[in-house]
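Student: Need a 3D model of the sequence below.
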Amino acid sequence: MATLRKFPTGAGPGRPKGSKSRDKAAVLDVCRRFKCDPIEGLIRVSQSLRDTPRKSLSAQKLEAWCYAELAQYCYPKLKAVEHSGKVQHELPLVVAEGPPPPS
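Tutor: Numbers count the residues shown, from 1 in each chain. Reported below is the predicted structural model:
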């Protein structure tokens, strides 16, 4: 049995492609009001892990998780890009012992 479509594929009512949903718009608005940039927060957490362990590891993991969750609403997800084709140029492999030759 065939199903009838009211609208052709890609057309019809609904949110236009690329526009933000209400959920994302609300989270983005709250982040702006609190001047919270999730990527900046993730960088701060990673630097605090590297520099000084000022907090317990579980608190830092929780903070990083919170920023990562917020980032999903504030920034688009990056898609994987697959490269295909033949390599046109080969790189020469030079194996030498001792100091480099004078230039």
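Student: Please count neighbours and contacts with C-alpha atoms only from this point.
Tutor: OK.
Student: Now tell me which helix or strand of this protein has the poorest mean pLDDT.
Tutor: For the chain, scoring each helix and strand by mean pLDDT, DSSP states H and E identifies helix 38-51 as the least confident one, at a mean of 85.
Student: what residues does that helix touch?
Tutor: 54, 60, 63, 64, 67, 68, 70, 71, 74 (C-alpha atoms under 8 Å, 6 or more residues apart in numbering).
Student: give the contact list for the fourth one.
Tutor: It stands for residue 64. By C-alpha under 8 Å, 6+ apart, the neighbours of residue 64 are 41, 42, 45.
Student: try 7 Å
Tutor: Counting by C-alpha atoms under 7 Å, 6 or more residues apart in numbering, residue 64 touches 42, 45.
Student: tell me which element it falls in.
Tutor: Residue 64 belongs to helix 57-74 when assigned by DSSP states H and E.
Student: Export that helix to CSV, keeping only CA atoms.
Tutor: What follows is helix 57-74, C-alpha atoms only, in CSV (Å, rounded to 0.1, in the frame of the first residue of the first chain):
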residue,chain,number,x,y,z
LEU,A,57,39.2,15.4,39.7
SER,A,58,35.4,14.5,40.0
ALA,A,59,34.5,18.2,40.3
GLN,A,60,36.6,19.0,37.2
LYS,A,61,35.0,16.2,35.2
LEU,A,62,31.5,17.4,36.2
GLU,A,63,32.4,21.0,35.2
ALA,A,64,33.8,19.8,31.9
TRP,A,65,30.7,17.7,31.3
CYS,A,66,28.4,20.7,31.9
TYR,A,67,30.3,22.9,29.5
ALA,A,68,30.3,20.1,26.9
GLU,A,69,26.5,19.7,27.2
LEU,A,70,26.0,23.5,26.8
ALA,A,71,28.3,23.6,23.8
GLN,A,72,25.9,21.3,21.9
TYR,A,73,23.2,24.0,22.1
CYS,A,74,25.5,26.9,21.4
